[in-house]
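1. A predicted structure for the sequence below; I have some questions about it.
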Amino acid sequence: MNTDNPPTLGRPPRKRPPGTVPYVTPGPRLTETTMITMEHPPIEVPALHRIADDVHVFTPPGHDTWGMANCTLVTSPDAPALLFDTPYDGPLTRQLQHLAAPILKGAAIGTIVNSHANGDHSYGNGLFPGTDIVSTEANLAHICAEPTPQELTQLLASTRSDTPLGWYMRHHFGRYDLTGLSTVEPTRTFTGQLTLQVGSLQADLYEVGPAHTVGDLIMHLPQRDVVCAGDIVFINDHPVHWAGTLEEIHHACQRVLALQPNTIVPGHGPVVGPDRVREYADYLEALRERIHHLHGLQWSVEETTADLLRRDAHPTWGLSERMAIAAMREYRHLDGDTQAPNLVELVAVAAGYAHARHVAVPHPRLGAPAPRPTSR
Ligand SMILES: [Zn+2]
């Protein structure tokens, strides 16, 4: 695989301004000899489900793993369609395009809306050349700090497979084929609120960040009682959030509920009704209260994480190790640390908890555990 001159699709990304701290530290250039071994569960078949008239959701099988994000297609018989978020990699994006073709009946996708800048919601942008890409102004400013597909690939190759992080990264990210993708920025941005039209259907975009990231938005289809929540809402997995406090994320959930939708498309997990979003918001509130309580008692973040994992009120949800990231992020807020987080450091800590749990009780789908590292 030659990554010296990766093919570029769509508009190239802007140069990262001097002083911008990337969320990841790129690893060495990927070469033939450092190609990762694909040690990961196979992707089951994604599907495109109708959830309301003119509204379909692409749901890759996403429980208990990272990156399998939902995308929502809004169509009209007499206007170009709108796609809310694009998949993580090329094969998933092409599957979505294949599944969407009979629904589009020859119509084009005229607009992409990116809920935020994480790659699992935007790396597929470049496979829709010429499409308008709408997101928040804060999202455009933040996209420079996101890893490019090439940086993520290099990071994966640079982690040692005999470390918890290497084991974790391969299981959760090794399945994605980012070949030929590049970061493609929004072509139209807004702050606050923006209304789009898809034929006679109204699509209201609301900025709700900082929450999951600094630039989050949600989309309300008032004539269909549908809200696409992006990664403000995770269903059936413990969430991961990078920017806002738990209080801010809880507030963003309340904004979803305040629109009184019947149907909510989360960023990850099955499409649900408002009761499941209320349950999720209650979880965030309980998590926040516990972390603040233990921080007030001068517990270390490691002691607090151990407590959260021991008390896990949702043992059927996947990725409980993400509570370590929640604790670390909330402690940073409480301690007044405003430096940009290093994603790799946060994920490495979560990977350590997941690896320890896996060694104790091997995961049925993840195969044999990696050996414990003897040195770093
Ligand atoms: Zn996501």
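-> Everything's here; your move. Quick caveat, the model's predicted, so the values are computed rather than measured.
2. neighbours of residue 263, just the number please.
-> 18 (other CB atoms under 10 Å). The way it works is simple: take the backbone N, C-alpha and C, and place the C-beta from them, glycine included.
3. give the contact list for it.
-> Listed by CB atoms under 8 Å, 6 or more residues apart in numbering, the contact set of residue 263 reads 51-52, 224-227, 271-273.
4. Could you identify the pair within these that is furthest apart?
-> 224 and 272 (15.3 Å; CB to CB).
5. Roughly how far does residue 252 sit from the ion?
-> 14 Å (CB to the ion, to the nearest Å).
6. now do residue 195
-> Residue 195 is 25 Å from the ion, by CB to the ion.
7. Quickly find the element holding the nearest residue to that residue once chain neighbours are set aside.
-> Of all residues not flanking residue 195 in the chain, residue 204 sits nearest, at 5.2 Å (CB to CB, 6 or more residues apart in numbering). Taking DSSP states H and E as the criterion, residue 204 maps to strand 201-207.
8. CA-only coordinates of the helix or strand just after that strand in PDB, if you can.
-> Per DSSP H and E, the first helix or strand lying C-terminal to strand 201-207 is strand 217-221. Only the C-alpha atoms of strand 217-221 are listed here, as PDB (Å, rounded to 0.1, in the frame of the first residue of the first chain):
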ATOM      1  CA  LEU A 217     -25.400  19.700  15.600                       C
ATOM      2  CA  ILE A 218     -28.700  17.800  15.600                       C
ATOM      3  CA  MET A 219     -31.300  17.700  12.900                       C
ATOM      4  CA  HIS A 220     -35.100  17.900  13.400                       C
ATOM      5  CA  LEU A 221     -37.600  16.900  10.700                       C
END
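9. what pLDDT, on average, does strand 217-221 get?
-> Per-residue pLDDT values across strand 217-221 average out to 98.
10. coming back round to it: report the beta-bridge partners for the residue nearest to residue 195.
-> In this structure, residue 204 bridges to residue 195, residue 220 when assessed by DSSP bridges.
11. what about it, distance to residue 83?
-> Relative to residue 83, residue 204 is positioned 16 Å away (CB to CB, to the nearest Å).
12. same for the strand holding residue 204, what does it pack against?
-> Helices and strands touching strand 201-207, by 3 or more CB pairs under 8 Å, 6 or more residues apart in numbering; DSSP states H and E, are strand 71-76, strand 193-198, strand 217-221.
13. who touches the top helix by length along the chain?
-> Looking across the chain with DSSP state H, the single longest helix is helix 274-296. By CB under 8 Å, 6+ apart, the surrounding residues in contact with helix 274-296 are 229, 233-235, 239, 245-247, 249-250, 253-254, 256-257, 260-262, 264, 266, 303-304, 307-308, 311, 313-314, 323, 326-327, 330-331, 334.
14. Filter the residues you listed down to the ones in helices?
-> Going by DSSP H, the helices hold 246-247, 249-250, 253-254, 256-257, 303-304, 307-308, 311, 323, 326-327, 330-331, 334 from the contacts of helix 274-296.
15. Flag every buried residue along stretch 196-213.
-> Neighbour counts over stretch 196-213 (16 or more other CB atoms under 10 Å) mark 196, 198-199, 201, 203, 205-213 as buried.
16. mind checking how far that stretch is from the chain centre?
-> Distance of stretch 196-213 from its chain centroid, counting by CA atoms, centre = their mean, to the nearest Å, is 17 Å.
17. what's the first-to-last distance across it?
-> This stretch, stretch 196-213, spans 23 Å end to end (CA to CA, to the nearest Å).
18. do the same with stretch 125-136
-> For stretch 125-136, the end-to-end distance is 15 Å (CA to CA).
19. Could you do stretch 325-341 as well?
-> 10 Å.
20. who's in contact with it?
-> 21, 23, 145, 238-242, 245-246, 287-288, 291-292, 295, 301, 304-305, 308, 346-347, 349-350.
21. Just the buried residues of the host helix or strand of residue 49, please?
-> With secondary structure defined by DSSP H and E, residue 49 is part of strand 47-52. Buried positions in strand 47-52, judged by neighbour count with 16+ other CB under 10 Å: 48, 51-52.
22. and it, what does it pack onto?
-> strand 55-59, helix 90-104, strand 263-268.
23. Give me the distance from it to the chain's centre.
-> For strand 47-52, the separation from the chain centroid amounts to 20 Å (computed by CA atoms, centre = their mean).
24. Then stretch 307-315?
-> Offset of stretch 307-315 from its chain centre (CA atoms, centre = their mean): 23 Å.
25. Which residues outside it are in contact with it?
-> 238, 283, 286-287, 290-291, 294, 299, 320-321, 323-324, 326-327, 353.
26. Quickly note the distance from residue 120 to residue 102.
-> For residue 120 relative to residue 102 (CB to CB), the value is 25 Å.
27. likewise residue 307?
-> According to CB to CB, residue 307 stands 51 Å off from residue 102.
28. And these two? Which one has more around it.
-> More neighbours surround residue 307 than the other of residue 307 and residue 102, with 16 against 9 (other CB under 10 Å).
29. ok so, going back, now list the buried members of the contacts of stretch 325-341.
-> Buried among these (16+ other CB under 10 Å): 23, 145, 238-242, 245-246, 287-288, 291-292, 295, 301, 304-305, 308, 346-347, 349-350.
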